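**Student:** Build me a model from this:
(one chain, ligands or ions: 2)
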Amino acid sequence: MTNEQRALLTIFGASGDLAKRKLYPSLFRLYRKGYLNEHFAVIGTARREWTQETFQEIVASSIQALHPTEQELQSFIRHFYYQALNVSEPEQYAALKTLATQLDETYHLAGNQLFYLAMAPQFFGTIAGHLHSENIVTPNGFHRLIIEKPFGSDYHSAEQLNEEIRSVFDEDDIFRIDHYLGKEMVQNISAVRFGNNIFESLWNHKYIDNVQVTLAESLGVEERGGYYDQSGALKDMVQNHILQIVALLAMEAPTVFTDKNIRYEKIKALESIRLYTEQEAQKNFVRGQYAEGKLGAKEFSSYQDEPNVNPRSTTETFVAGKLLIDNFRWKGVPFYIRTGKRLTEKGTRIHIVFKPTPINVFREANAPIDENDTGLRNVLTIYIQPTEGFSLTLNGKTIGGDYQLRPIKLDYRHSSDTLDNTPEAYEKLLLDALKGDATNFTHWDEVAQSWRIVDIIRQAWDSQPEVDFPNYASGTMGPDAAFELLERDGFQWVWQPDNWYREHNQLP
Ligand SMILES: NC(=O)C1=CN([C@@H]2O[C@H](COP(=O)(O)OP(=O)(O)OC[C@H]3O[C@@H](n4cnc5c(N)ncnc54)[C@H](OP(=O)(O)O)[C@@H]3O)[C@@H](O)[C@H]2O)C=CC1
Ligand SMILES: O=C1O[C@H](COP(=O)(O)O)[C@@H](O)[C@H](O)[C@H]1O
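**Tutor:** Ligands and ions are numbered 1, 2, ... in the order given. Purely as a prediction, here's the structure:
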């Protein structure tokens, strides 16, 4: 381990769901792979009065699914320490400071500190302030702050939060998590684009008809109704994950692949997304909420019947929209996005739909495909999850006979072995933060611009509070309006249960 990676990790919210489900297993994977060894220690904090032993037992039980040997388990959990703390009570930070100083000496951590705020966002500013005022931040080493989403609830609250944090930490030391940026195939977007000239030279309005980004979930709101009913799909998924994916798809090539260059290009891309008028937002964005329905053999209740959800809720569980990017590369190319809960299946996919050939020279042998009869479009699909890989549909000739075209699918998927060995998003992001690599974290300017885009849509919807919810059945791909959004432009979602493209291309 290099000196830079030795560190004290303090987790605020150590008894919470995120810490148990994601952080402890990810730390264990890093430990098992040798990225963490003797020079690391973890302090867990929360209000409850756990003993050290209880905390270590919780950590141990949260990594059971990874089947640690007894020796691995014991040597891992002895790095975990617990300090009860109410983050709003400044006087309680003294005990944290004492423990942190002691662990820094015991483990030779060179003063390096990583603070992970796995707590509700209203505490972010308070904690950052007290870390400074109570002298928890050491004078030597690095001091980095990892912040969970949501980063604010609109532009103004995000700006205020940012000011509170920036008064204590430099932008370079703030690691705003968007866990989609830790996903292997999201990181592969840049590899596909900038590692393959055949794509990069076609990656513009001259050759691309439209781009489609779908983040579909079959799960409902589960036990997070209280949070979700205040948030909705627009703030929960579009403001962060979807706009980050759009930025990666739309950005210019960085001069060199470093965090600063990539952030610079992503910010430019986000700033080129057209800020709609309220009227344009109404026209180009669709919202939905799930009703009861069936997924396979299972019956599901409506969103309004979920626990901790207002039975007359008008919160959207589905969003579809059209984004336009006003720059030389993307002029006139719609980026269609959609996300929703209780859809047909879980999956994140990107479809790059290329323009058809200018003339269908094979028209004598082929029934007209569309009104312009220009032949089938090529589609590059990036499968983000759960299946991971790429496919490209080309047109070839049927064997023998005339020039009847048929689609051919070049398909690559990561094998199940590769998937088993793929680092989980939080594992990668924790390691990046330890190394100080901010490539896959969001800069304030990205967050700010994303809120500006989303706030307009929210305001447009809020100005028309009467909604006909619920408007899609659980187990479908959302309300009809989401399909009409593309149809009025002469397009179709490539990924839909009753699939036009699949039908015409005889794809499985
Ligand atoms: N869970 C998930 O899958 C995801 C979560 N997130 C984000 O991560 C953050 C944490 O979420 P999650 O783990 O689900 O939340 P939980 O509600 O499960 O955990 C909250 C934690 O905060 C502690 N806490 C609450 N109040 C105080 C206080 N005043 N002082 C000290 N500790 C306190 C709680 O412990 P105690 O009661 O003992 O004080 C608990 O450990 C949120 O920002 C969420 O949006 C983001 C993506 C996914
Ligand atoms: O950030 C969030 O993401 C999850 C979906 O994440 P995934 O990695 O399972 O695709 C979503 O369920 C949740 O509502 C949202 O807060």
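**Student:** Flag every residue of the chain that's near ligand 1.
**Tutor:** Contacts of the chain with ligand 1, taken as CB under 6 Å from any ligand atom, map to 13-18, 46-48, 85-88, 118-121, 148-150. Where C-beta positions appear, they are placed from N, C-alpha and C, glycine not excepted.
**Student:** hmm, try it at 8 Å
**Tutor:** Counting by CB under 8 Å from any ligand atom, the chain comes close to ligand 1 at 12-22, 45-48, 84-88, 117-121, 123, 148-150, 177, 179, 224, 227.
**Student:** Point out the ones among those that are inside strands.
**Tutor:** Taking DSSP state E, the ones among the residues of the chain next to ligand 1 that sit in strands are 12, 45, 46, 84, 117.
**Student:** what's the most distant pair in the residues you listed?
**Tutor:** Using CB to CB, those reach their maximum pairwise distance at 84 and 117, which is 17.1 Å.
**Student:** Bridge partners for the residue nearest to residue 137 when sequence neighbours are not counted, pull those for me.
**Tutor:** Distances taken as CB to CB, 6 or more residues apart in numbering put residue 143 closest to residue 137, at 5.0 Å, once the chain neighbours are dropped. Note on residue 143: beta-bridge partners by DSSP bridges are residue 113.
**Student:** mind listing what residue 143 touches?
**Tutor:** Contacts were defined as CB atoms under 8 Å, 6 or more residues apart in numbering; by that measure residue 143 touches 112, 113, 115, 137, 169, 173.
**Student:** Also residue 241?
**Tutor:** Residues in contact with residue 241, defined by CB under 8 Å, 6+ apart, are 178, 180, 215, 339.
**Student:** what about the residue in the stretch 301-450 of the chain that ligand 1 sits nearest to, which helix or strand?
**Tutor:** Using CB to the nearest ligand atom, the point where the stretch 301-450 of the chain gets nearest to ligand 1 is residue 426, with a distance of 9.4 Å. Here residue 426 is covered by helix 425-435, with elements defined by DSSP states H and E.
**Student:** in the stretch 351-500 of the chain, which spans are strands?
**Tutor:** Assigned strands in the stretch 351-500 of the chain, in chain order: 379-385, 389-397, 405-413, 472-474 (criterion: DSSP state E, counting those that start in this stretch).
**Student:** In this protein, where is pLDDT below threshold?
**Tutor:** Residues of the chain that meet the criterion pLDDT under 70 lie in 1-4, 366-375, 497-508.
**Student:** In terms of residue numbering, what are the domains of it?
**Tutor:** 3-148, 181-355+439-501 (automatic domain parsing).
**Student:** In this protein, which residue sits nearest ligand 1?
**Tutor:** Per CB to the nearest ligand atom, the residue of the chain with the smallest distance to ligand 1 is residue 16, at 2.4 Å.
**Student:** Please state the offset of the helix holding residue 426 from the chain centre?
**Tutor:** Averaged C-alpha coordinates place helix 425-435 at 15 Å from its chain's average position (CA atoms, centre = their mean, to the nearest Å).
**Student:** Please point out which parts of it sit buried.
**Tutor:** With burial defined by 16 or more other CB atoms under 10 Å, the residues of helix 425-435 counted as buried are 425, 426, 427, 428, 429, 430, 431, 432, 433, 434.
**Student:** Run the angle between that helix and strand 379-385 for me.
**Tutor:** Note on geometry: by axes from the mean of the first three to the mean of the last three CA atoms, to 10 degrees, helix 425-435 and strand 379-385 are set 80 degrees apart in direction.
**Student:** For helix 425-435, C-alpha coordinates in PDB please.
**Tutor:** Backbone C-alpha positions of helix 425-435 (Å, rounded to 0.1, in the frame of the first residue of the first chain) are rendered in PDB as follows:
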ATOM      1  CA  ALA A 425     -19.600   0.300  -7.500                       C
ATOM      2  CA  TYR A 426     -19.000   1.300  -3.900                       C
ATOM      3  CA  GLU A 427     -15.900  -0.700  -3.700                       C
ATOM      4  CA  LYS A 428     -14.400   1.100  -6.700                       C
ATOM      5  CA  LEU A 429     -15.500   4.500  -5.400                       C
ATOM      6  CA  LEU A 430     -14.100   3.900  -2.000                       C
ATOM      7  CA  LEU A 431     -10.800   3.000  -3.500                       C
ATOM      8  CA  ASP A 432     -10.800   6.000  -5.800                       C
ATOM      9  CA  ALA A 433     -11.500   8.300  -2.800                       C
ATOM     10  CA  LEU A 434      -8.600   6.700  -0.900                       C
ATOM     11  CA  LYS A 435      -6.300   7.300  -3.800                       C
END
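**Student:** just to revisit the earlier point, which one of the ones in strands among the residues of the chain next to ligand 1 is nearest residue 75?
**Tutor:** Within those, proximity to residue 75 (CB to CB) peaks at residue 45, which comes in at 22.8 Å.
**Student:** show me what contacts the closest one?
**Tutor:** Applying CB under 8 Å, 6+ apart, the residues contacting residue 45 are 10, 11, 12, 13, 14, 82, 83, 84, 85, 87, 96.
**Student:** sorry, back to before: just put the contacts of residue 241 in JSON lines and tack on distance to residue 156 and neighbour count.
**Tutor:** Below are these laid out as JSON lines (distance: CB to CB, whole Å; neighbours: other CB atoms under 10 Å):
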{"residue": "178", "distance to residue 156": "20", "neighbour count": "25"}
{"residue": "180", "distance to residue 156": "25", "neighbour count": "22"}
{"residue": "215", "distance to residue 156": "26", "neighbour count": "24"}
{"residue": "339", "distance to residue 156": "24", "neighbour count": "25"}
